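Undergrad: Sequence isn't available, so here's the structure alone:
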């Protein structure tokens with residue numbers, strides 16, 4: 001394997017690691033549920049995709065037998081990540097997560113406009 005391809009594979013691994021780190025950081029540091037959901041699903045998918053492309057390139061250039069594991073991981077990742085994020089977002093919307101107070105140490109709670117705290121909405 002030439003040094004040009006080795007540098008290209010190292011760059012793919014570095015870019016993938018950067019995006020995985022950004023996804024992990026956004027999961028920990030962002031304040032609201034929907035922000036925390038968006039960061040890891042987008043950036044971690046891109047990061048793992050870069051790592052898998054580097055793995056495919058390494059195995060193709062080193063002359064080892066082609067294995068379908070990287071392609072299967074890529075297919076499962078690109079199918080399951082958007083579907084799970086969509087289902088979590090729909091569940092959060094049905095639970096009215098935007099109207100709930102934030103976690104301790106976060107922003108102050110926002111008032112609920114539609115319902116007074118003491119009154120029942122169906123009364």
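TA: That came through fine. This is a predicted model, so every value here is computed, not measured.
Undergrad: roughly how far out does the helix or strand containing residue 52 sit from the chain middle?
TA: Residue 52 is part of helix 45-62, with elements assigned from DSSP states H and E. Mean-position distance between helix 45-62 and its chain equals 18 Å (C-alpha atoms, centre = their mean, to the nearest Å).
Undergrad: In that helix, which residues are buried?
TA: For helix 45-62, the neighbour count (16 or more other C-beta atoms under 10 Å) marks 45-58 as buried. Any C-beta I mention is one placed from the backbone N, CA and C, and that applies to glycine too.
Undergrad: could you give the mean pLDDT of the helix or strand following that helix?
TA: Sequence order places helix 69-94 as the next helix or strand after helix 45-62, per DSSP H and E. The average pLDDT within helix 69-94 is 85.
Undergrad: Helix 45-62 and helix 69-94, what's the angle between them?
TA: 180 degrees (axes from the mean of the first three to the mean of the last three C-alpha atoms, to 10 degrees).
Undergrad: Which elements pack onto helix 69-94?
TA: helix 33-39, helix 45-62 (3 or more C-beta pairs under 8 Å, 6 or more residues apart in numbering; DSSP states H and E).
Undergrad: looking at the protein, which helix or strand does the model trust least?
TA: Least confident helix or strand, the chain: helix 33-39 with a mean of 80, by mean pLDDT, DSSP states H and E.
Undergrad: and residue 85, how many neighbours?
TA: 16 (other C-beta atoms under 10 Å).
Undergrad: Let me see the contact set for the closest residue to it other than its chain neighbours.
TA: If the residues on either side of it in the chain are set aside, residue 85 comes closest to residue 41, at 4.1 Å by C-beta to C-beta, 6 or more residues apart in numbering. Contacts for residue 41 (C-beta atoms under 8 Å, 6 or more residues apart in numbering) come out as 23, 81, 82, 84, 85.
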